[in-house]
Each structure stands twice: as C-alpha cells, then as structure tokens.
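What follows is a predicted structure for the sequence shown.
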Amino acid sequence: MSDVIEYQELNRPDGFTQEGLGWVPWVKPIAEADLTEEQRAALIHEFRIKSDYFRLLVRNPEALHARTLTDLDIFTNPAGGLPRADREIAASAASRVNGCVYCASVHTARATQESGRREDVQRLLDEGVEAPLGEKWEVVAQASAALTRTPSQFGTEEIDSLRQAGLDDASIVDAINGAAFFNWANRLMLSLGEPTVPKRRSKT
Amino acid sequence: MTQTTSTQATVGSADIIDSLCQITPGSHLDTIRQSRAQARDNAQRSFEVLLEPHDPGTFPLSERYAVAAYSVGLQASESAALDFYLELTEEETDSHFARSIEQLSRAARRAGPYGEYREPRHAEESEPGETVHYDPEDVPGSSQRLAAALEHAHLLSLHPRDARPEHLKRLENAGWSADDIVTLSQLISFLAFQIRVVDGLLALADNPAPQEAR
C-alpha cells in the first residue's frame, strides 16, 4: 500500500500571489489522533497540529523541532539586525528564484503586512528579483537570489551593495540566514506537496 | 588555518558551521552568530539529528553521509564542506566508496536552480533541464535504495520545482518508508541551508567592513 498521494483535480494557482494559498501533501501526514507525545511536543505551538505540512514533517519529530526553532529565531528575533520586513524580502526572493509559489505567498504577504508596501512586493512576484523595489529591498532581494543560485554567486559585489544600502554585518548575516533558510523550506514545500487555491479566499 | 574540520574535532561538540567558516570564539562573526543563538544552536542540532542520530533506524549512517556528500558536492562550494562530508562517508564505509560518491557528484554538477513551472503565468520562465538517473551499478557497493536517494538529492538540490509525486513513488518503490522519505527530504534540504550559510559567512569574512578590517 502506497503512502504517496496524487491528486487528479486540484484548484492550482496560476502563478505567484500574495493571496493566501492552501497546500496539500504528497505523503500521508500523521493523523491528529495518532500523534505521540513526542510528536505533539515537536510541533511546539498548538496551531501547527491543524497543518498537514507539519503533521507530515513530524514523522521526524527531532528534525522538525530543530528546524522550527531555527526558523523562529532567524525571522522573529527582534534584537538588532534587519527589520522583519527586510528578512521577509530575503525569504521571498529565495522562494521566487526557486519557484516556490506557496512559500512566496506566505512571506510576501508578511512583507506587505510589516511594511505596507504591497505594490513593491507585488513587483517582486510579477517581475522577479531584478524588479525595481527601492534601493534597500533591491539589494537584499538580489543578494538572496545570488546565494540561492548554484554555485553561489554571493560575493564582494553583493556585500558592497548591502553595505551601501546601510546594512551592518549583523543585518547582512540576517539576510544570509533568511535566504539560506528558505532554500531549506522551499525544497520541502516543493517536493512533499503542492499549493492550492482555497475555495473561499479570505480578503486581507 | 589552525581550525580543523576533522570529524573528531566537530562531532558532538564544535559547531559545524563555525568550523567550516573558521569562526573562532569571541571573533566578530562569532559575536553576530551568538546574537541569533537559537538559530545557531538549532542549525547544529539539525545536523546532529539528521546526520548523527542516536538511532538511525532504517536509514543507516552510510546512506546519510553518502547523500550528504553527494548533495554538498553538487553545490560546488569553495568551502571545505565537501571534504568534511566525504570524510564522514569514508569513516562509515571506505575510501573507494567515498571517491565514487564524489565522482558521481562532481559529474552531476549543473548551474541551478532550473526546472519547469507548472503555473501557467510563469511558463515562459521555465528552464527545462536534466533529471539524473542512476542504476545501482553506477554506485559500487550500492543499491536501488541509494541510487533512488541520490536521484532525489539531485532533484531537490538543483531543480526542486520539477518535483512531482512520481519522484516520491520512485523512492517508495526503492524501499523508502514514508518516515524515511521525510528524513531524507529534511537531510537534503537542510544541507541546502547549511552550505549557503557557510558560503555566505565565508564571503562576508573575505570582505570585512573597513572599520572591521584588521
């Protein structure tokens, strides 16, 4: 019996969007009722229990737990470094280059929420990482893209540009971490399931 | 260059990213990394649970290190990361096997990420590219299981947007359980993160800010 799930008919997104998307798994998640104590603890916050994505990743609870704590510190630690919206731009640019429509939807929406700059954010989705986004976001997006490429294209030129845009070294490390982390997240989201358009979209 | 990347120096204690970047305690980059201590510690914890688990279960260390060395090798990093993972592979298997993995990886290097968009609005951005296929005989001492895992590592490392359910079927048919598919996916994807942190921090170390130049 196969644990792999294929969907004949899905309401799939037609492109990158800031609107909320759903995500369906290609491997069976653990049913809520079957979660062990260790698995529940690895979800860290109660809300993840409703997510197929997290109940799939919790098949390896230790790996999920460590990954979530890494994620939370890179993006939500308020001490110094890059403002939250700029970290989300690094995440969004990596997702745009890799082609992760789901991750891009979540993190561009967050960038908009944090900055109020919906149109700039939309240009990143519509035109890609070379789009005009204002100096700081442009260099953050392009540095994130450079680090996302293989082999890495991130070097002197990107670091000089980030410094010219006013980033100190702690902020540059936040940009590196944000881009690098989404190279982790994008690969899981792209290879273990796919995005869907919810039937009733909640208007933001 | 007194910092070592040998297994003894790193396993269970020293931070792998610091070690590969030659970041020493109290240095400028150490101070910055310590300001995100939870991220730093859990990047290390991720390495430990994926690559040095107390109970490897049905996903043996030899396979974990082979997939890791192969995945990191694809990134063509200027760091010592490939040597580090090859050393782990060799310790768990033998030098002939490790060299075979290295050769497979080097031969499979491509510029990434490429792949086709399923979303119609981005169809013209698609960059179709190669999907590698390995037979067990391509990898000495190998198996259908490892061949399938290396194929998956190539897909996720270099062209993840080409991933489809059929790729997971391929793993399942080669004997991968649902739990181990998740662990394999985490391992490959975590390394995509780790190598980029290393490449990024090394680039930053090579380009110190004027007031931080020594």
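On my side now, so go ahead.

tell me the contacts of B:Asp180?
B:Asp180 makes contact with B:Gly57, B:Thr58, B:Phe59, according to Cβ atoms under 8 Å, 6 or more residues apart in numbering or on different chains. (C-beta placed from N, C-alpha, C; glycine too.)

pLDDT value on the last one, please?
Note on B:Phe59: pLDDT of 98.

And the pLDDT for the spatially closest residue to it that is not a sequence neighbour?
Leaving aside its chain neighbours, B:Phe59 sits nearest to B:Asp180 (4.7 Å; criterion: Cβ to Cβ, 6 or more residues apart in numbering or on different chains). Note on B:Asp180: pLDDT of 98.

Give the helix, strand or coil label for B:Asp180.
Three-state call for B:Asp180 (DSSP: H, G, I helix; E, B strand; the rest coil): helix.

Helix or strand: which one has A:Val24?
A:Val24 is part of strand A:22-25 when elements are defined by DSSP states H and E.

Strands of chain A, start to end?
Counting by DSSP state E, chain A has strands at residues A:22-25, A:193-196.

Return the most buried member of those strands.
strand A:193-196 (a mean of 22; mean count of other Cβ atoms under 10 Å in any protein chain shown).

what does that one contact?
Contacts of strand A:193-196 (Cβ under 8 Å, 6+ apart): A:7, A:10-13, A:21-27, A:52-53, A:56, A:101-102, A:105, B:118.

now the residues you listed: which count as buried?
Neighbour-count burial (16 or more other Cβ atoms under 10 Å in any protein chain shown) is assigned, among the contacts of strand A:193-196, to A:12-13, A:21-23, A:25-27, A:52-53, A:56, A:101-102, A:105, B:118.

Tell me, how many residues neighbour the closest residue to B:Gly175 other than its chain neighbours?
Spatial nearest neighbour of B:Gly175, chain neighbours left out: B:Arg145 (4.9 Å); criterion: Cβ to Cβ, 6+ apart. If you count neighbours by other Cβ atoms under 10 Å in any protein chain shown, B:Arg145 ends up with 18.

The spatially most central residue of chain A and B:Gln211: what is the separation?
Central residue of chain A (Cα atoms, centre = their mean): A:Cys103, 4.0 Å from the mean position. A:Cys103 is 36 Å from B:Gln211, where distance means Cβ to Cβ, to the nearest Å.

do B:Pro140 as well
In terms of Cβ to Cβ, B:Pro140 sits 53 Å off from B:Gln211.

Neighbour count: those two, which is higher?
A count of neighbours by other Cβ under 10 Å puts B:Pro140 above the other of B:Pro140 and B:Gln211, at 12 against 5.

which SS class is that one?
coil.

just the helices in chain A please.
Assigned by DSSP state H, chain A shows helices spanning A:37-42, A:52-57, A:61-76, A:84-98, A:101-115, A:118-127, A:135-148, A:156-164, A:169-191.

Emit the PyMOL select command for whichever of the contacts of B:Asp180 are buried.
The PyMOL selection below is limited to those of those classed as buried (16+ other Cβ under 10 Å):
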select buried, chain B and resi 59
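
B:Pro113 and A:Ser95 touch, don't they?
No - between B:Pro113 and A:Ser95 there is no contact under Cβ atoms under 8 Å: 11.0 Å.

Same drill for these two, tell me which one is more crowded.
A:Ser95 (30 against 27).

Work out which residue lies at the spatial centre of chain B.
Geometric middle of chain B (Cα atoms, centre = their mean) lands on B:Leu191, at 3.3 Å.

any weak-confidence spans in the chain?
Looking at chain A here, since you left the chain open. Filtered on pLDDT under 70, chain A yields the residue ranges A:200-204.

my bad, chain B
In chain B (pLDDT under 70), the answer is B:1-13, B:212-214.

which residue ranges form the strands in it?
Taking DSSP E as the criterion, chain B carries no strands.

all helices for it, in order.
B:7-10, B:16-21, B:28-34, B:37-51, B:61-74, B:81-92, B:95-107, B:144-158, B:165-173, B:178-206.

Adding distance to A:Ser115, write those out as TSV.
TSV is the format used below for these (distance: least, Cβ to Cβ, whole Å):
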stretch	distance to A:Ser115
helix B:7-10	40
helix B:16-21	30
helix B:28-34	24
helix B:37-51	22
helix B:61-74	35
helix B:81-92	35
helix B:95-107	40
helix B:144-158	31
helix B:165-173	36
helix B:178-206	23
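
For A:Val139, find the nearest of these.
helix B:178-206 (14.3 Å; Cβ to Cβ).

Can you mark which positions in that closest one are buried?
B:178-204.

Next: stretch B:105-115.
Buried-residue list, stretch B:105-115, by 16+ other Cβ under 10 Å: B:Ser105, B:Ala108, B:Arg109, B:Arg110, B:Gly112, B:Pro113, B:Tyr114, B:Gly115.

is chain B contacted by stretch A:16-36?
Yes - Stretch A:16-36 lies within reach of chain B by Cβ under 8 Å from any Cβ of the partner chain, at A:Phe16, A:Trp26, A:Val27, A:Lys28.

now the residues you listed as JSON lines including distance to A:Pro61?
Shown next, in JSON lines, are the residues of stretch A:16-36 next to chain B (distance: Cβ to Cβ, whole Å):
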{"residue": "A:Phe16", "distance to A:Pro61": "32"}
{"residue": "A:Trp26", "distance to A:Pro61": "20"}
{"residue": "A:Val27", "distance to A:Pro61": "16"}
{"residue": "A:Lys28", "distance to A:Pro61": "16"}
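
A:Val173 is in contact with A:Gly81, correct?
Yes - using Cβ under 8 Å, A:Gly81 is in contact with A:Val173, at 7.1 Å.

which neighbours do those two share?
B:Arg36.
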